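Engineer: Test case, fold it:
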Amino acid sequence: MPLLGLVVFIVIVALSFDFVNGFHDAANSLATVVATRVLTPAQAVALAALFNFIAAFFLGTGVAATVGRGFVNTKIVTPFVILAGLTGAILWNLLTWYLKLPVSSSHALIGGYAGAAIAKAGFSGLVVGKWPTTVAFIVIAPAIGLVLGYTLMLAVYWIFHTFSPAQMDRWFRHLQIASASLLSCAHGTNDAQKSMGIITAVLFAAGLQKTFRVPEWVILACAAAMGLGTLSGGWRVVHTMGTRLTRLRPRSGFCAEAGAATSILFATWLGLPVSTTHVVTGAIAGVGSIQRIRAVRWTVASDIVIAWVLTIPAAALVSALAFFLIRLFKSNA
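Structural biologist: Got it, this is the predicted structure:
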């Protein structure tokens, strides 16, 4: 396959990952607002898709640069390494979607990219870069979401202590639309940048760009793919996030969304690729635990945590196998 044709094919695969990311991670911005019945599923999907698309143009491309250069030694990267990395990430995402597990598409992509680089050049294919921060945030991100969700719930109960629960929920049915929109923005601006980084990396590796700069057409294409993916739904994961983990009301849904969105936007501003799934899950657990610890179904939460821990190595393994298969047919991969 000519180099240009290979690059075009990999760009299509990367956009496919963004599409899969959109419907897999739709639960991040849809689960709470659907579970509280503030919006119908169709309304929630349309809202999330719109803000996923718009948000991809905000807050620069710092996360894209981190994903493209912060984990793998760019000197050993070839288009085939990137293709194998994307293959592992997509397959892991599809498997966990089928199993209804809300794992991190971000970590699947990072793990897949790393696994292909290791298959290409051993552990010298990696750089220290952002690995320490990323691994730390597997634990820190859900903890931040949990603390923010819990704190916001405390603030709501203190501010509205003279209101009955029914009166509070009438107010928060309106406020939750705003918080769901903000969370969709946070998801779109952080997650869409990850595929932007991968596409820019393949353009750079193929010599089609002299510097690592995200082109405008890449921003537009990734934003559109993410929005269309979200529009397609993702109801299997929505069920786990919105109903099985804990019972939500409009006031608790608002706090979970606002807490998660604040954390994700802060990380995006810092240029860090965080897991929106982890943060939202932590925030939902935080608002649920304010009633009593047993209000959160911790057995469900433990299944989710196991999937989190497995994501990077599992996606890396699948991508490494994909790279070895590619090398059977392309010795210069």
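Engineer: for this protein, what helix or strand is lowest in average pLDDT?
Structural biologist: Taking mean pLDDT, DSSP states H and E as the measure, the chain has helix 235-239 as its least confident helix or strand, at a mean of 53.
Engineer: Toward the C-terminus, what is the element adjacent to the helix or strand hosting residue 197?
Structural biologist: Using DSSP states H and E, residue 197 falls within helix 165-205. The helix or strand immediately downstream of helix 165-205 is helix 216-231, counting by DSSP H and E.
Engineer: any idea of the angle that following helix forms with helix 165-205?
Structural biologist: 140 degrees (axes from the mean of the first three to the mean of the last three Cα atoms, to 10 degrees).
Engineer: Please name every helix or strand in contact with whichever helix or strand comes after the least confident helix or strand of the chain.
Structural biologist: Counting by DSSP H and E, the next helix or strand C-terminal to helix 235-239 is helix 250-269. Contacts defined by 3 or more Cβ pairs under 8 Å, 6 or more residues apart in numbering; DSSP states H and E place helix 250-269 against helix 26-35, helix 62-69, helix 131-159, helix 165-205, helix 276-289. C-beta coordinates here come from the backbone N, C-alpha and C atoms, glycine included.
Engineer: repeat that with 6 Å
Structural biologist: If contacts are counted by 3 or more Cβ pairs under 6 Å, 6 or more residues apart in numbering; DSSP states H and E, helix 250-269 sits against helix 26-35, helix 131-159, helix 165-205, helix 276-289.
Engineer: closest to residue 89 out of the ones you listed?
Structural biologist: Closest approach to residue 89 among these (Cβ to Cβ): helix 165-205, 9.0 Å.
Engineer: avg pLDDT for that closest one?
Structural biologist: Mean pLDDT, computed over helix 165-205, is 87.
Engineer: just stretch 277-287 next, same as before
Structural biologist: 82.
Engineer: Can you tell me the element residue 327 falls in?
Structural biologist: Using DSSP H and E, residue 327 falls in helix 298-329.
Engineer: Run the angle between that helix and helix 276-289 for me.
Structural biologist: 170 degrees.
Engineer: Report the separation between residue 202 and residue 106.
Structural biologist: Going from residue 202 to residue 106 by Cβ to Cβ, to the nearest Å gives 18 Å.
Engineer: Next, the contact list for the residue nearest to residue 115 when sequence neighbours are not counted, please.
Structural biologist: Leaving aside its sequence neighbours, residue 115 sits nearest to residue 316 (Cβ to Cβ, 6 or more residues apart in numbering; 2.9 Å). For residue 316, the contact set (Cβ atoms under 6 Å, 6 or more residues apart in numbering) comprises 111, 114-115.
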